[in-house]
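Visitor: I'll drop the sequence and a predicted model, then ask my questions.
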Amino acid sequence: MQLWDVRLVHREPNVDQITGSVISGARGSGARFFDCYYKENTAIGKLSFLAAHIVLTAGRFQWDMIRGLDIVLFRRGEYHELSEEEKEPLHRRSKELNETIRTRLFAE
């Protein structure tokens, strides 16, 4: 598996392979903290929740810039954009993780 950063600028693709971790966007976002949980050589499929959680958490802090979660998977020259139904488990897990963190932080 490979991870690529693909940006379409004026319909021209800019493509870079990612060999470690990368976060784009606002440097002041508190969600950047979750990048510390990244482990090298982890399968892309296992990293999808971490990536989704970072985006969803950042959206709570920067609702004016992040308006949701879009995920596109590329396999063997074809791509698949996840539907809202396919993204729902990621939303649910992210919410549950936030609640778990909050509960443990304030447990007595």
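Guide: Good, I have the coordinates.

Visitor: quick one, strands of this structure?
Guide: 3-9, 12-18, 72-75, 78-81 (DSSP state E).

Visitor: Quick check: the nearest residue to Ile18 once chain neighbours are set aside vs Ile44, distance?
Guide: Counting by C-beta to C-beta, 6 or more residues apart in numbering, Ile18 lies nearest to Leu3, which is 4.3 Å off, once chain neighbours are set aside. Just so you know, the C-beta spots here come from the backbone N, C-alpha and C atoms, and that holds for glycine as well. According to C-beta to C-beta, to the nearest Å, Leu3 and Ile44 sit 6 Å apart.

Visitor: What residues of the lowest-mean-pLDDT helix or strand in the chain count as buried?
Guide: Within the chain, no helix or strand scores below strand 3-9, which has a mean of 72 by mean pLDDT, DSSP states H and E. By neighbour count with 16 or more other C-beta atoms under 10 Å, strand 3-9 contains no buried residues.

Visitor: Quick test: name the residue nearest the centre of this structure.
Guide: Centroid check for the chain by C-alpha atoms, centre = their mean gives Ala51 as the closest residue, at 2.2 Å.

Visitor: hmm, back to that, quick check: angle from the least confident helix or strand of the chain to strand 12-18?
Guide: Relative orientation of strand 3-9 versus strand 12-18 (axes from the mean of the first three to the mean of the last three C-alpha atoms, to 10 degrees): 160 degrees.

Visitor: which residues are in contact with the longest helix seen in the chain?
Guide: In the chain, ranked by residue count with DSSP state H as the criterion, the top helix is helix 84-105. With C-beta atoms under 8 Å, 6 or more residues apart in numbering as the contact definition, helix 84-105 has outside contacts at Ser48, Phe49, Ala52, His53, Leu56, Thr57, Leu69, Ile71.
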